[in-house]
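*Asks:* starting from these lines, generate the structure:
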Amino acid sequence: MGGVMLSRAKRSGSGETGVRQPVYRSLPGALVPTSMAAPKGQDDAAASYCLDLTRDRAHSFYFATRFLPAPTRRNVVALYAFCRTVDDIADLPPANPDIPPAQTLDSWRDWLLAGAPGSPDLVRHALARVVARTGLPLQPLIELVESLIEDLGSRHVPDLPALERYAHGVAGTVGSAMAHLLGASGAAAQSHARSLGIAMQMTNVLRDIGEDQARGRIYLPAEEMARVGYSRLDLAHGVVDERFVRLMRVLVAHARSFYADGMAGIAYLPRECRFPIVLAANTYAGILTDIEKAGYNVFHYRAHTRRRDKVWLAARLSFHRGRRWLGR
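*Replies:* Numbering: from 1, shown residues only. The predicted structure follows:
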């Protein structure tokens, strides 16, 4: 539910198609007391920065947010900008080679632990304003940053539960925060929101297998690989055969089970927020379908949802299946 399009879309320029160098990078800034009122110009600059970042780096999420009420959209775009910024710190070459990514992420965690005070940094300023306006709980965001720190080194997740824990840390947490901003803070709503975040991160994992293993990060569970007889050497060589297809089918089905649980929480959202979340969730889940259509060859093809498909999906959800989810 709430995690839509904010899961960890690793290393891609738009989060869906192509890879390019980042244009935006938020560096740690000096902290200032929350009692210091920021000029309206800083509010506007921070909002514009976050919106531009979202438009340029998350095409599907940006498309879906256009259907949100304006105040809600401003809040969720600021949340996205924060998530994108800390994710880039974990995944991209550092802006300053003398400052290790772990140190930069530590500074973000310390800022959150301090209650997200005002800051000259535009992303921090935007998120601080969201916290002040909405009472957004910071614990999920602290957990997100801690999960990114833990993920900095090489790793190979051992089994499906470990993959789920990883996906929760870097995306289920975001789902929880997103649901709060959408007005769904109850326990049941939060549970479904975390599931949707997990589903979307699993989608990222399956789309980005080649990129991840080149960086020493293998999120295909070792237990599942052994079950089908697919080795790390096969993975390094980008082998796509019946073993790999069997492995991918299991993981695609697992991701879809989390999508189903996430979508079960749509009814907890305010009515005006349901359509964009349904749209964004279906758009992102479409990446799984594109993986299947490509014969699971994720090593030589980056699965995505095309713009024309998003527009068609928006129309179809509005006039047909969307009626059930939107309570019409």
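*Asks:* alpha carbons only for contacts and neighbour counts from here, please
*Replies:* Fine.
*Asks:* so which residues of the protein form strands?
*Replies:* 155-156, 217-218 (DSSP state E).
*Asks:* in JSON lines, list the ones you listed along with mean pLDDT and distance to Ala188.
*Replies:* Output for these, formatted as JSON lines (pLDDT from 0 to 100; distance: least, Cα to Cα, whole Å):
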{"stretch": "strand 155-156", "mean pLDDT": "94", "distance to Ala188": "32"}
{"stretch": "strand 217-218", "mean pLDDT": "96", "distance to Ala188": "32"}
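*Asks:* among these, which comes closest to Asp91?
*Replies:* strand 217-218 (10.9 Å; Cα to Cα).
*Asks:* list the contacts for the spatially closest residue to Ala255 that is not a sequence neighbour?
*Replies:* Among residues not flanking Ala255 along the chain, Ala199 sits closest, at 4.9 Å (Cα to Cα, 6 or more residues apart in numbering). Ala199 makes contacts with 167, 255-259, 262, as judged by Cα atoms under 8 Å, 6 or more residues apart in numbering.
*Asks:* same question for Arg243.
*Replies:* Arg243 touches 228-230, counting by Cα under 8 Å, 6+ apart.
*Asks:* list the contacts of the residue lying closest to Ala177 once chain neighbours are set aside.
*Replies:* Nearest in space to Ala177, with sequence neighbours left out and distances taken as Cα to Cα, 6+ apart, is Pro140 at 6.5 Å. By Cα under 8 Å, 6+ apart, the residues touching Pro140 are 173-174, 176-177.
*Asks:* quick check, nearest of the residues you listed to Thr283?
*Replies:* Of the contacts of Pro140, the one sitting nearest to Thr283 (Cα to Cα) turns out to be Val174, at 17.9 Å.
*Asks:* would you mind finding the most buried of the strands of the chain?
*Replies:* strand 217-218 (a mean of 20; mean count of other Cα atoms under 10 Å).
*Asks:* re the thing from before, which of the contacts of Arg243 are buried, as a PyMOL select command?
*Replies:* Per 16 or more other Cα atoms under 10 Å, the buried members of the contacts of Arg243 correspond to this PyMOL selection:
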select buried, resi 230
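*Asks:* now render the contacts of Arg243 as TSV, adding distance to Thr134.
*Replies:* Below are the contacts of Arg243 laid out as TSV (distance: Cα to Cα, whole Å):
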residue	distance to Thr134
Val228	48
Gly229	50
Tyr230	47
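*Asks:* what's the closest of the contacts of Arg243 to Val240?
*Replies:* Nearest member of these to Val240, counting by Cα to Cα, is Tyr230, at 9.8 Å.
*Asks:* tell me which of the contacts of Ala199 is nearest to Val157?
*Replies:* Closest to Val157, out of all of those and judged by Cα to Cα, is Ala167, at 11.0 Å.
*Asks:* I'd like the distance between Tyr230 and Arg84.
*Replies:* 33 Å (Cα to Cα, to the nearest Å).
*Asks:* and Pro101, by the same measure?
*Replies:* 14 Å.
*Asks:* mind checking which of these two has more residues around it?
*Replies:* Arg84 (27 against 23; other Cα atoms under 10 Å).
*Asks:* so where's this structure shaky on pLDDT?
*Replies:* 1-40, 306-314, 316-328 (pLDDT under 70).
*Asks:* from Val245, how far out is the closest residue to Pro221 other than its chain neighbours?
*Replies:* Leaving aside its chain neighbours, Pro221 sits nearest to Asp159 (4.5 Å; criterion: Cα to Cα, 6+ apart). For Asp159, the distance to Val245 equals 18 Å [Cα to Cα].
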